[in-house]
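Asker: Need the 3D shape of this:
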Amino acid sequence: MLNEDKKYAQVRWSVLDIMEDYDVTEEEAEEFLINNQRYLQDAMVEAGWRVIEDSAEQDGLKRIQK
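Answerer: All right, here's what the predicted structure looks like:
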């Protein structure tokens, strides 16, 4: 039976990630992440699919013809 609940390679960002590299308050960092979370999600998904495609090709996985 297929277990769709298992997830792999999760990424999460925190306020500290922003504060380590930018001169912002905790509130500003949180607001930044809230305002940009959709862009972060889209970019991470796009990068993930590139890695999956490249790795699948390197591993010789056969692509399903649609």
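
Asker: Now do the longest helix along the chain: which elements does it pack against?
Answerer: In the chain, taking DSSP state H as the definition, the longest helix is helix 26-58. With contacts taken as 3 or more Cβ pairs under 8 Å, 6 or more residues apart in numbering; DSSP states H and E, helix 26-58 sits against helix 15-19. Where you see a C-beta, it was placed from the backbone N, CA and C, and this is true even at glycine.

Asker: returning to that earlier point: the longest helix of the chain: how far from the chain's middle?
Answerer: Mean-position distance between helix 26-58 and its chain equals 4 Å (Cα atoms, centre = their mean, to the nearest Å).

Asker: before we move on, what about stretch 20-27?
Answerer: 21 Å.

Asker: ok so, going back, okay, buried residues for the longest helix of the chain please.
Answerer: 29, 32 (16 or more other Cβ atoms under 10 Å).

Asker: Once you drop chain neighbours, what's closest to the residue nearest to the spatial centre of the chain?
Answerer: By Cα atoms, centre = their mean, the chain has its centre lying nearest to Met44, at 3.1 Å. Nearest in space to Met44, with sequence neighbours left out and distances taken as Cβ to Cβ, 6 or more residues apart in numbering, is Val11 at 5.5 Å.
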